[in-house]
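Enquirer: Provided below are the primary sequence and the corresponding predicted coordinates.
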Amino acid sequence: MKPSSLTALGVAMMMALAVPMSSSAQMPDSLVKVGQLLGLSKPNPALPVPIQVATTESAATDDIAPLDELATDNGTATNLEVLDTQPNQLHNIEGLHSGRVPLDAISPTTLKTFVQAVDLMRREYVEPVNDEVLFYHAINGMLNRVDRNAEFLDAQAFANLQSFTSGNVASVGLKALWQNKDAHWVVTEVSPDSPAKLAGIAVGDYLHQIGDVKLNQNQSENDVVQLLSGIAGTSVDVTFSRAGRSKQTTNLLRDQIQKTSIEVLTRNGIAIIKLPVFQNNTRQDILEYIARINQPVQGIVIDVRNNPGGVLDAAVDVASLFMRKQVVTQVQNRNGIERVLETQGSPLLEAVPVIILQNRYSASASEVLASALQTHQRALVVGETSYGKGSVQSVIPIGNNQGIKLTTAHYLTPKGEKIDKIGVVPDVNFEVSAGDETDWLTLTLDLMDKGKLPDGEGIEFSPVGGF
């Protein structure tokens with residue numbers, strides 16, 4: 001790190017912090033944090049101006065747990081698989097765990113502008129603002145503007161994220177319907193003791209926005225349900241209002257666990273497998289359900305509509321039922337391909353024709369499965385283009401029981417093509433008529449009827465000593 005850059009930054013900090021304060025000329029602790037985060041130590045309050053530069057050797061990192069050794073209060077290992085997360089060391093990011101960034105990468109003018117903006121909010125905003133709140137908002141703003149999936153996790157949020165089983169789906173505890181007379185989405189139900197209830201949302205309130213999606217009459221009821229739902233332990237911003245009152249936005253934790261067990265139905269020798277989410281036992285569940293079918297299976301429809309993803313390895317396990325030694329996905333981080341995931345074991349359903357039915361809310365692990373089977377021409381993908389969340393979020397502890405969730409890698413198709421923000425394009429596109437998908441399964445079964453195995457050639461098996 002160049003001394004000149006340190007000097008320039010020190011001067012910039014002194015200049016920036018020289019802006020008039022409303023109560024005292026002493027630098028407030030909250031503003032000192034800017035310097036500390038950048039590797040500058042807190043100056044002695046008794047001295048007027050000097051700022052000491054903390055060396056890398058003196059950085060305190062003992063309170064930051066290694067990613068693979070993070071433990072809960074009871075001593076058990078923390079599960080970091082939520083939202084397809086895997087511990088990721090994020091190599092080559094200098095000073096990640098010591099809270100430092102290269103100082104010569106930050107313009108003194110930019111730093112001065114930031115501190116001036118903070119002080120302006122402190123002095124001029126119509127209501128008093130807590131300094132800690134300002135800085136937490138600044139952190140979240142930085143994360144969200146760069147990465148739509150990034151999130152700062154305070155101690156409570158960090159604990160919540162780790163308390164859920166990987167692959168569970170949950171909502172925030174409210175329902176809403178479009179009301180023509182109000183020309184708004186109106187809350188019709190709020191579950192007791194739910195995050196929505198605790199945030200003050202009540203029946204009759206208007207919903208204006210969920211995440212980055214502004215609501216209007218073009219959305220369906222299922223759209224709203226899926227926007228509010230997601231992997232348990234994650235959160236979503238919801239903008240609401242009382243009729244005739246100003247809007248307010250609150251961040252709601254998804255902790256109202258929904259049914260996530262798979263369902264298997266049959267029609268004319270076709271097994272219809274409804275996968276609401278990918279969990280560690282998904283492969284085993286599929287085989288056990290199929291084994292209970294008292295007739296040969298001539299074709300399989302995998303319905304991943306509204307499936308938000310879940311455990312990536314579970315999607316690989318499912319793909320392994322249909323293909324032998326084929327690439328399922330490539331994981332690419334900032335340095336290139338980090339790993340390549342291939343099917344493993346015996347493909348017990350290799351001979352059975354497959355169709356995957358997806359919609360705009362099929363995301364993450366669902367898209368990995370669909371793209372893999374589609375790429376290797378092992379399945380026909382039908383429905384509509386999927387959500388486009390082909391990214392890996394890592395939860396990285398930063399000390400004080402806090403953490404940051406951010407995108408650290410992308411899933412690529414077996415051919416190396418991106419999924420994130422693009423989605424999986426179906427081979428056969430179904431038109432959405434007035435937001436109604438009720439006929440999609442019928443259309444899919446009609447397609448499978450034309451391509452299923454002939455009578456007498458279906459697959460029928462039962463577990464002998466387990467699968």
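Expert: It's in.
Enquirer: so what's the residue nearest to Leu321 when sequence neighbours are not counted scoring on pLDDT?
Expert: Spatial nearest neighbour of Leu321, chain neighbours left out: Leu349 (4.7 Å); criterion: CB to CB, 6 or more residues apart in numbering. Every residue, glycine included, has its C-beta placed from N, CA and C. pLDDT recorded at Leu349 is 95.
Enquirer: what's the answer for the one 5 residues further on, then?
Expert: pLDDT, the model's per-residue confidence, is 97 for Val354.
Enquirer: so how far is Leu369 from the nearest residue to it once chain neighbours are set aside?
Expert: With sequence-adjacent residues excluded and distances taken as CB to CB, 6+ apart, Val354 is closest to Ala379, at 3.9 Å. Separation of Ala379 from Leu369 (CB to CB, to the nearest Å): 9 Å.
Enquirer: neighbour count winner among the two?
Expert: A count of neighbours by other CB atoms under 10 Å puts Leu369 above the other of Ala379 and Leu369, at 32 against 23.
Enquirer: same for the strand or helix carrying the more buried one, what does it pack against?
Expert: Element membership for Leu369 (DSSP states H and E) is helix 365-375. Where contact means 3 or more CB pairs under 8 Å, 6 or more residues apart in numbering; DSSP states H and E, helix 365-375 is packed against helix 312-319, strand 327-333, strand 354-358, strand 380-383.
Enquirer: would you mind writing the CA trace of it as PDB?
Expert: The C-alpha trace of helix 365-375 is given here as PDB (Å, rounded to 0.1, in the frame of the first residue of the first chain):
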ATOM      1  CA  ALA A 365     -31.400 -25.100  -8.600                       C
ATOM      2  CA  SER A 366     -34.600 -25.600 -10.800                       C
ATOM      3  CA  GLU A 367     -32.900 -23.800 -13.600                       C
ATOM      4  CA  VAL A 368     -29.700 -25.900 -13.200                       C
ATOM      5  CA  LEU A 369     -31.700 -29.100 -13.500                       C
ATOM      6  CA  ALA A 370     -33.700 -27.900 -16.500                       C
ATOM      7  CA  SER A 371     -30.600 -26.500 -18.400                       C
ATOM      8  CA  ALA A 372     -28.600 -29.700 -17.800                       C
ATOM      9  CA  LEU A 373     -31.300 -32.000 -19.100                       C
ATOM     10  CA  GLN A 374     -32.100 -29.700 -22.000                       C
ATOM     11  CA  THR A 375     -28.400 -29.200 -23.000                       C
END
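Enquirer: what's the average pLDDT for that helix?
Expert: For helix 365-375, the per-residue pLDDT averages 98.
Enquirer: ok, now stretch 244-263?
Expert: Stretch 244-263 comes out at a mean pLDDT of 88.
Enquirer: and it, what's buried?
Expert: Residues of stretch 244-263 classed as buried: Thr250, Leu252, Leu253, Arg254, Asp255, Gln256, Thr260, Ile262 (neighbour count, 16 or more other CB atoms under 10 Å).
Enquirer: so of those, which ones are in strands?
Expert: Applying DSSP state E to the buried residues of stretch 244-263, the entries found in strands are Thr250, Leu252, Leu253, Gln256.
Enquirer: I figured the residue nearest to Val354 was touching Gln358, is that so?
Expert: No. Assessed by CB atoms under 8 Å, Ala379 is found out of contact with Gln358, at 10.8 Å.
Enquirer: what do these two both touch?
Expert: Ala370 (CB atoms under 8 Å, 6 or more residues apart in numbering).
Enquirer: okay, the ones in strands among the buried residues of stretch 244-263 in CSV with distance to Gln374 next?
Expert: Putting those into CSV (distance: CB to CB, whole Å) gives the following:
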residue, distance to Gln374
Thr250, 39
Leu252, 35
Leu253, 35
Gln256, 33
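Enquirer: which two of those have the greatest separation?
Expert: Greatest spatial distance in those: Thr250 and Gln256, 15.5 Å, computed using CB to CB.
Enquirer: where does the protein have low pLDDT?
Expert: The chain contains residues with pLDDT under 70 at 1-104, 163-166, 433-436, 462-467.
Enquirer: can you pull out the helices in it?
Expert: 3-16, 29-37, 108-124, 131-146, 155-162, 195-198, 221-228, 282-291, 312-319, 365-375, 440-451 (DSSP state H).
Enquirer: Ala138 and Lys247, how far apart?
Expert: With the distance defined as CB to CB, Ala138 ends up 22 Å from Lys247.
Enquirer: then Ile270?
Expert: In terms of CB to CB, Ile270 sits 48 Å off from Lys247.
Enquirer: select the longest strand from this protein.
Expert: strand 402-412.
Enquirer: show me which positions of that one end up buried.
Expert: Buried positions in strand 402-412, judged by neighbour count with 16+ other CB under 10 Å: Gly403, Ile404, Lys405, Leu406, Thr407, Thr408, Ala409, His410, Tyr411, Leu412.
Enquirer: sorry, back to before: out of the helices of the chain, which is closest to Gly458?
Expert: helix 282-291 (11.0 Å).
Enquirer: tell me the angle that closest one makes with helix 365-375.
Expert: Relative orientation of helix 282-291 and helix 365-375, computed by axes from the mean of the first three to the mean of the last three CA atoms, to 10 degrees: 70 degrees.
Enquirer: who touches helix 282-291?
Expert: Helix 282-291 is touched from outside by 167, 261-262, 264, 271, 273, 275, 297, 310-311, 314, 317-318, 320-321, 348-349, 461-463, 467, with contacts defined as CB under 8 Å, 6+ apart.
Enquirer: what residues of it count as buried?
Expert: Across helix 282-291, burial judged by 16+ other CB under 10 Å covers Thr282, Arg283, Asp285, Ile286, Leu287, Tyr289, Ile290.
Enquirer: gap between the two ends of stretch 348-368?
Expert: Stretch 348-368 has an end-to-end distance of 20 Å (CA to CA, to the nearest Å).
Enquirer: kindly apply the preceding question to stretch 314-329 instead.
Expert: 13 Å.
Enquirer: and for stretch 388-404?
Expert: End-to-end distance for stretch 388-404: 22 Å, by CA to CA.
Enquirer: wait, doesn't Phe158 sit right on Asn400?
Expert: No. Phe158 is beyond contact range of Asn400, at 9.4 Å (criterion: CB under 8 Å).
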